[in-house]
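# Build me a model:
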Amino acid sequence: MKLLILFISAYFFFVPFTETMEDEITFATNNAKKGVYHGLNEIRKMKSKIDNKLIDNDKIIAQVEVTKEINGVRIESEGFYNSTSVRIILYRSLETLIKEKYIDK
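Sure thing, here's the model as predicted:
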């Protein structure tokens, strides 16, 4: 019986840690996605490169870098939440950007 109580208490001791870590990763991923969408919306204004930081409540939530490549663009967004960061790198061709109406012909 003592062994069963020990296992149950150990389970409840470790479960909140993993949920908190998963939540931080999810929030950081969502912030990185916000950076990707911001970068896609800024493509029309760019000449060769865009490097922006998104700030919310006096905290950097994402850092976005958009660079022109041959026949496309490269979008790199790093999302932050507390001490967790997630980086998304996205490549889009000119044809895809025209089809998705991010740029005009």
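
# check contacts around the spatially most central residue of the chain.
In the chain, the centroid-proximal residue (C-alpha atoms, centre = their mean) is Ala32; its distance is 1.6 Å. Under the criterion of C-beta atoms under 8 Å, 6 or more residues apart in numbering, the neighbours of Ala32 are Ala62, Ser77, Glu78, Gly79, Val86, Arg87, Ile88. Where you see a C-beta, it was placed from the backbone N, CA and C, and this is true even at glycine.

# buried sites along the helix or strand where the last one lies?
In the assignment (DSSP states H and E), Ile88 maps to strand 84-93. For strand 84-93, the neighbour count (16 or more other C-beta atoms under 10 Å) marks Thr84, Ser85, Val86, Ile88, Arg92 as buried.

# Gly79 is in what secondary structure piece?
Per DSSP H and E: strand 72-81 holds Gly79.

# now for that strand, which elements pack on it?
Secondary-structure packing of strand 72-81 (3 or more C-beta pairs under 8 Å, 6 or more residues apart in numbering; DSSP states H and E): helix 2-41, strand 59-69, strand 84-93, helix 94-99.

# change it to 10 Å
Under the contact definition 3 or more C-beta pairs under 10 Å, 6 or more residues apart in numbering; DSSP states H and E, strand 72-81 sits against helix 2-41, strand 49-56, strand 59-69, strand 84-93, helix 94-99.

# Adjacent strands (with direction) for the strand holding Ile88?
Each strand paired with strand 84-93, and its direction, by DSSP bridges: strand 72-81 (antiparallel).

# The strand it pairs with - what's its average pLDDT?
In this model, strand 72-81 carries a mean pLDDT of 95.

# what about the nearest residue to Ser48 once chain neighbours are set aside, neighbour count?
In space, not counting the residues next to it along the chain, Ser48 is nearest to Lys68; the distance is 5.5 Å by C-beta to C-beta, 6 or more residues apart in numbering. Counted by other C-beta atoms under 10 Å, the residues lying close to Lys68 total 15.
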